[in-house]
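Undergrad: I need the structure of the sequence given here:
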Amino acid sequence: MEAIKNVLSVPQGKEPELAILEPKKPSVDDSGYECANCKDEGIIFDPDRNVAFDCACVERKRIQRVLKSSNISEEFIDKTFETFETRDVDPRVVEAYELVKEYSDTLVARVKKGHGLKGVPWLGVLGKTGAGKTHLVTAAVVPLVELGVYPVFFNWVSGFKEMMAYHAADQGHVVDEIRQRLCTCELLIVDDVCKESQKDTWITEFYGIVDYRYRKGLPIIYTSEYFTELIGFLSEATAGRMFERAMSPKGKPYLAKMFLRKDEDQIMLNYRLRGLIS
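TA: Residues are numbered from 1 along each chain as shown. The predicted model follows:
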């Protein structure tokens with residue numbers, strides 16, 4: 001039960017100074033290295049200038065560490081907009097991709113101007129299982145991580161099970177720490193809202209998180225297999241806040257919806273089966 005408890009902000013490090021190093025003999029076998037360019041040392045030596053510089057893998061690994069510390073599972077760490085395939089997929093998936101990309105670009109531009117994320121719209125990515133929701137929201141935050149924004153990722157099922165396990169073990173101080181982190185972090189991602197279970201304790205806990213962030217102007221990015229059903233599952237107060245905040249100042253809704261019509265095949269919006277649907 002350490003996943004959420006150990007969510008920590010990763011401070012930005014200073015740019016390393018150039019170092020004078022002796023050239024190293026190339027390795028005969030690169031197969032054991034994650035990065036063949038620097039042999040996992042993080043630096044590359046330039047013999048012409050007699051200096052060393054950071055390998056490109058350093059920044060990539062830093063981002064991976066931050067995403068992992070944000071509680072994003074290993075399978076989604078490399079999910080970016082570049083790795084999201086938009087060919088041979090349903091147009092609704094493409095529209096969702098474009099909306100999420102626009103949202104991410106807007107936040108990136110804001111951060112680059114030094115404005116921070118307080119007061120920005122929320123983002124909801126809604127649709128059936130397999131539509132690529134988690135991939136898209138992960139892709140949305142990767143460019144922000146590169147700029148020093150450290151999100152917290154919370155899965156509805158595993159996250160609340162963990163919180164309640166600490167509660168049952170009479171470790172209320174841990175529950176308070178988790179709750180505080182979810183309420184006050186710069187950017188919160190809640191994945192699979194109302195997936196499988198809508199326990200009263202979870203609903204109450206979630207309302208407190210949503211209400212706090214609503215009042216403080218702190219953004220939430222969320223995914224769910226439901227849309228209007230969330231009003232019944234969560235209450236009008238909670239769902240209403242989530243939908244209200246997912247609106248730009250100019251009135252554009254940041255709600256990506258990927259749902260099937262009643263007469264459609266169940267696999268039509270399954271991103272995992274792209275290319276197999278004629």
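
Undergrad: checking Pro143 next. Helix, strand or coil?
TA: helix (DSSP: H, G, I helix; E, B strand; the rest coil).

Undergrad: what is the host helix or strand of Ile221 packed up against?
TA: In this structure, Ile221 sits in strand 220-224 according to DSSP states H and E. If contacts are counted by 3 or more CB pairs under 8 Å, 6 or more residues apart in numbering; DSSP states H and E, strand 220-224 sits against strand 123-127, helix 133-146, strand 188-191, helix 236-245. (Glycine included, C-beta is placed from N, CA and C.)

Undergrad: what lies in contact with the helix or strand following the shortest one?
TA: Spelled out, that is strand 188-191. Next helix or strand after strand 188-191 toward the C-terminus (DSSP H and E): helix 200-216. With contact meaning CB atoms under 8 Å, 6 or more residues apart in numbering, helix 200-216 is reached by 118, 156, 160, 163-164, 179, 182-184, 188, 190, 193, 218-220, 233-235, 237-238, 241-242, 245.

Undergrad: same deal with stretch 223-243?
TA: The contact list for stretch 223-243 (CB under 8 Å, 6+ apart) reads 122, 124-129, 133-134, 137, 190-195, 198, 203, 206-207, 210-211, 214, 220, 222, 255, 257, 259.

Undergrad: wait, which of the helices and strands packed on strand 220-224 is closest to Cys55?
TA: Shortest distance between Cys55 and the helices and strands packed on strand 220-224, using CB to CB, is found for helix 133-146: 16.4 Å.

Undergrad: toward the C-terminus, what is the element adjacent to the closest one?
TA: Moving toward the C-terminus from helix 133-146, the next helix or strand (DSSP H and E) is strand 152-155.

Undergrad: now that following strand: mean pLDDT?
TA: Across strand 152-155, pLDDT averages out at 90.

Undergrad: now do it: which elements does it pack against?
TA: helix 172-184, strand 188-191.

Undergrad: and the last one, which strands flank it?
TA: Same thing as strand 188-191. Partners of strand 188-191 in the sheet, by DSSP bridges, are strand 152-155 (parallel), strand 220-224 (parallel).

Undergrad: just send those strands back as CSV, with distance to Gly114 too.
TA: Compiled in CSV, the strands paired with strand 188-191 are given as follows (distance: least, CB to CB, whole Å):
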stretch, distance to Gly114
strand 152-155, 22
strand 220-224, 21
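
Undergrad: take those and write them to a markdown table, including mean neighbour count and distance to Phe84.
TA: Shown next, in a markdown table, are the strands paired with strand 188-191 (neighbours: other CB atoms under 10 Å; distance: least, CB to CB, whole Å):
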| stretch | mean neighbour count | distance to Phe84 |
| --- | --- | --- |
| strand 152-155 | 25 | 18 |
| strand 220-224 | 24 | 14 |
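
Undergrad: for those strands, which one sits closest to Cys55?
TA: For the strands paired with strand 188-191, the distance to Cys55 is smallest for strand 152-155, at 27.2 Å, taking CB to CB.

Undergrad: A helix includes Thr80, no?
TA: No: under three-state DSSP, Thr80 falls outside any helix and is assigned coil.

Undergrad: any idea how far it is from Leu260?
TA: Relative to Leu260, Thr80 is positioned 27 Å away (CB to CB, to the nearest Å).

Undergrad: ok, these two, which is more surrounded?
TA: Neighbour totals were compared for Thr80 and Leu260, and Leu260 leads with 17 against 14 (other CB atoms under 10 Å).

Undergrad: my guess is that one meets Ala131, correct?
TA: No: applying CB atoms under 8 Å, one finds Leu260 not in contact with Ala131, separated by 9.6 Å.
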